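J.: I would like the atomic coordinates for the input below:
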Amino acid sequence: MHVNVMSSTLTYDTLRFGEFEDFPETAEPVWILGREFSALSEKDEILSDITSRLWFTYRKNFQPIEGGTGPTSDTGWGCMLRCGQMILGEALVFMHLGRDWRWVKGQQQKEEYFSILNAFIDKKDSYYSIHQIAQMGVGEGKSIGQWYGPNTVAQVLKKLSVFDSWSRLALHIAMDNTVVIEEIKRLCMPWLDFVGAASAYRGAEGGRELNGCVGGACALGVEDTVLWKPLVLLIPLRLGLSDINEAYIETLKQCFMLPQSLGVIGGKPNSAHYFIGYVGEELIYLDPHTTQPAVEPSDDGQVPDDTYHCQHPPCRMHIRELDPSIAVGFFCRTEDDFDDWCMRIRKLSGSREGLPMFELVDSQPSHFTSSDVLNLTPDFSDSDRLERFFDSEDEEFEILSL
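T.: Reported below is the predicted structural model:
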């Protein structure tokens, strides 16, 4: 069954360049995904950075979803799905191209760039296409054409990332407003689980060194050069009831200042945006509510890419207009990056500039009866438990309060 939610609030088109205001003349710093800019002297750099972010919007005339019987456009229902693509797309850019990479119109790009774009092209065989996200959601109770919340799209992207053999991401979703360091390290360093077995293997071999590998991991098929799977950390949160609790505003701003920042997916009720930074009391975001024709890559994998980069002044909205249901994202390429992130989060938690949005703990709290609650595996079998955690708009979602 298809759920049509093509309401007037979801079908507006933002590709009318006259509606965008130029960036404000302000002495306040501009923060974009961990980088600081001056609005007075670095406007070109700000626009270049924003234009270089991957911009995924509504598309039309793509291959039908559901094998020829489903929709050929996601206009009106796919905005949160597109925001999920954007936050994950940035993780892939940071991983394969680096934070300093810039897109310049007409300039030849690296092969890795087109590999990233092809992972999101609107075709059923792309890793993170609208087809894959929508159809994966069906198995979790979301009909094609039904609107997702931030937590829903995070859970679906986690399942899809398992099949991405190129990037080999470790995508972790921290539930119950709690980030458990032990869980993440086990996910990103799976070779640690082999240490005990490797020690026994080495003992059986008479204590012989096994190919110079750490803990005998190589003997078990794990190379010693791969000690950390790049981490995408998504933290679904609800920062109030109908409006964002002002006690969290400064803490939310601080997230955009961290070098590991991937931004925030959220928005207004039934209207999703991808927030990449802030200036003063305004959030800077990419808006998926523009319907563009689907793009077909060439035989050699090249993609006409102009429409995947927003080339007008950035959208802005007052931070107090933000819907309280969000998901905050971070990317840690290495273990050192993650340790640095933990240090920064603990420092923020100890400051008096705002209430912490989530808790960082070393090991699993005793009230968590299953590690799966923190890090759902690809094969979901407990549908009742899934229903509790899958929707950020669910009334059972834990509310943060004073």
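J.: Would you mind measuring the gap between the ends of stretch 100-119?
T.: By C-alpha to C-alpha, to the nearest Å, the extent of stretch 100-119 from end to end equals 21 Å.
J.: Same check on stretch 244-252?
T.: Taking C-alpha to C-alpha, stretch 244-252 runs 11 Å from one end to the other.
J.: quick one: buried residues of that stretch?
T.: Neighbour-count burial for stretch 244-252, with 16 or more other C-beta atoms under 10 Å as criterion, is recorded at 244, 245, 247, 248, 249, 251, 252. Quick note: C-beta positions are derived from backbone N, CA and C, even for glycine.
J.: could you point out where the stretch 101-250 of the chain is predicted with low confidence?
T.: For the stretch 101-250 of the chain, applying pLDDT under 70 flags the ranges 193-226.
J.: Let me see the ranges of the helices in it.
T.: 111-118, 130-138, 150-161, 181-188, 195-204, 249-257 (DSSP state H, counting those that start in this stretch).
J.: Columns distance to residue 118 on top of the buried residues of stretch 244-252, output as CSV?
T.: As requested, these are exported to CSV (distance: C-beta to C-beta, whole Å):
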residue, distance to residue 118
244, 36
245, 41
247, 43
248, 37
249, 38
251, 37
252, 33
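J.: what about residue 42, neighbour count?
T.: 15 (other C-beta atoms under 10 Å).
J.: residues contacting it?
T.: Residue 42 sits next to residue 30 when contact means C-beta atoms under 8 Å, 6 or more residues apart in numbering.
J.: And the pLDDT for it?
T.: If you check residue 42, the pLDDT there is 94.
J.: Could you do the one 3 residues further on as well?
T.: Per-residue confidence at residue 45 stands at 95 (pLDDT).
J.: what's the longest helix in the protein?
T.: When the chain is parsed with DSSP state H, its longest helix is helix 79-96.
J.: For stretch 36-44, could you pull out the residues that count as buried?
T.: Buried residues in stretch 36-44, counted by 16+ other C-beta under 10 Å: 37, 39, 43.
J.: So which of those residues sit within helices?
T.: Those of these mapping onto helices are residue 43, per DSSP H.
J.: Which residue comes closest to residue 71 once chain neighbours are left out?
T.: Spatial nearest neighbour of residue 71, excluding adjacent residues (C-beta to C-beta, 6 or more residues apart in numbering): residue 65 at 5.7 Å.
J.: does the one you found really touch residue 135, like I thought?
T.: Yes: using C-beta atoms under 8 Å, residue 65 is in contact with residue 135, at 6.7 Å.
J.: Have a look at those two and say which one is more surrounded.
T.: Ranked by neighbour count (other C-beta under 10 Å), residue 65 and residue 135 place residue 65 first, with 25 against 18.
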